[in-house]
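S.K.: Provided below for reference: sequence and predicted model.
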Amino acid sequence: MSYDRAARDSLESAISSLMLLYPIYGTVFLYLNKIERKDMPTMAVGTTRRVDLALYYNPEFLKKMTPTQLRAVLKHEALHILLHHISRNQYFGYNMKGFNYAADMAINCHIEGLPDGCVYPKSFGLQDNESSEWYYEKLKKEQEEKGEDALDGKGDLADDHSMWGDCDDDIIKEKVRNIAEQAIKAQEKSGWGDVSGNLAQQIIAANKP
C-alpha cells in the first residue's frame, strides 16, 4: 500500500527520538501497526481487525506539526495505551464525550509541547495529576448541573478516539498489558528521568495484575 513518504519518515524519526529519550513512550510504538488514514483529522491509537492495535495518522496533520509537537502528541497516544484508556472506556456507564475529555485531561497535564487548544484540567478549574475516572466524575457532575453543553468551548481533544471499542476485549487488554510491561522494563533500565513520579506511579499501578 502506498503512503506519504515524508509523513512516514517524520513519524519514524519522532518515534526513534522517543526511544532514545523516553523509552516508556517509544517502546509502545514498536508493537503498533502504523496506518495512514486521510479520512481521520489528526492521529489516534485504536484497534484494527478486532485483535490488533494500531497507530492511525493523517499525513497532512503530521506535516503541519513541529518535531516538538509531534513528539508530544506521540507521548499522548502512548499514554492512552499505558493507562488502558482504550478498554477502560467501556465500563462504568461512561458518557463517551465526557470520558474522552477526562482521558485527555489525565494525560495532557503531564506533557509539554502539545499543539495549541488542547484540553487540560485547568480548562475546567480542576487540579492536575488525577486519573481519568476522577476527572470523569467531576465532568459528569458538571454536566448534570449545567447540561450537556457544559463541555463545549473548553478545549479540543488532542487526537481521535473513534477507533476505541470494536474489538475482542480480552485479547486487546492482554496485548495492552504486554506492551506496557515491555515499555516499563525499557524505562527502568535507563531510570525514570524526566517522567514525573506521579505519572510513573499511575502507569505502574494501571499495569499491576
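M.R.: Received the coordinates, thanks. Just so it is clear, the model here is predicted, and its values are computed rather than measured.

S.K.: can you tell me what sits against the longest helix along the chain?
M.R.: Scanning the chain for the helix with the most residues, using DSSP state H, yields helix 169-190. Among residues not part of helix 169-190, those counted as contacts by CB atoms under 8 Å, 6 or more residues apart in numbering are 22-28, 30-31, 47, 50-53, 78, 81-82, 84, 86-87, 90, 195, 203-204, 206-207. Quick note: C-beta positions are derived from backbone N, CA and C, even for glycine.

S.K.: narrow those residues to those in strands?
M.R.: In strands, judged by DSSP state E, the following of these are found: Thr47, Asp52, Leu53.

S.K.: relative to Leu126, how far out is the spatially closest residue to the second one that is not a sequence neighbour?
M.R.: Pointing back at Asp52 there. Nearest in space to Asp52, with sequence neighbours left out and distances taken as CB to CB, 6 or more residues apart in numbering, is Asn33 at 6.1 Å. With distances taken as CB to CB, to the nearest Å, Asn33 is found 35 Å from Leu126.

S.K.: which of the two has more neighbours?
M.R.: Leu126 (17 against 11; other CB atoms under 10 Å).

S.K.: distance from the chain centre to the lowest-mean-pLDDT helix or strand in the chain, please.
M.R.: The helix or strand with the lowest mean pLDDT-type score in the chain, counting by mean pLDDT, DSSP states H and E, is helix 85-88 (a mean of 81). Using CA atoms, centre = their mean, to the nearest Å, the distance from the centre of helix 85-88 to the centre of the chain it belongs to is 10 Å.

S.K.: can you tell me the average pLDDT over the helix or strand following it?
M.R.: Next along the chain after helix 85-88, taking DSSP states H and E as the criterion, comes helix 96-108. When pLDDT is averaged along helix 96-108, the result is 89.

S.K.: tell me which residues are up against helix 96-108.
M.R.: Residues outside helix 96-108 that contact it (CB under 8 Å, 6+ apart): 76, 79-80, 83, 85, 89, 114, 118-121, 123-124, 126, 130-136, 139-140, 143, 148, 151, 154, 157-159, 161.

S.K.: out of those, which sit inside helices?
M.R.: His76, Leu79, His80, His85, Ser132, Glu133, Trp134, Tyr135, Tyr136, Leu139, Lys140, Gln143.

S.K.: wait, what's in contact with the fourth one?
M.R.: Pointing back at His85 there. Leu79, Ala103, Ser132, Trp164.
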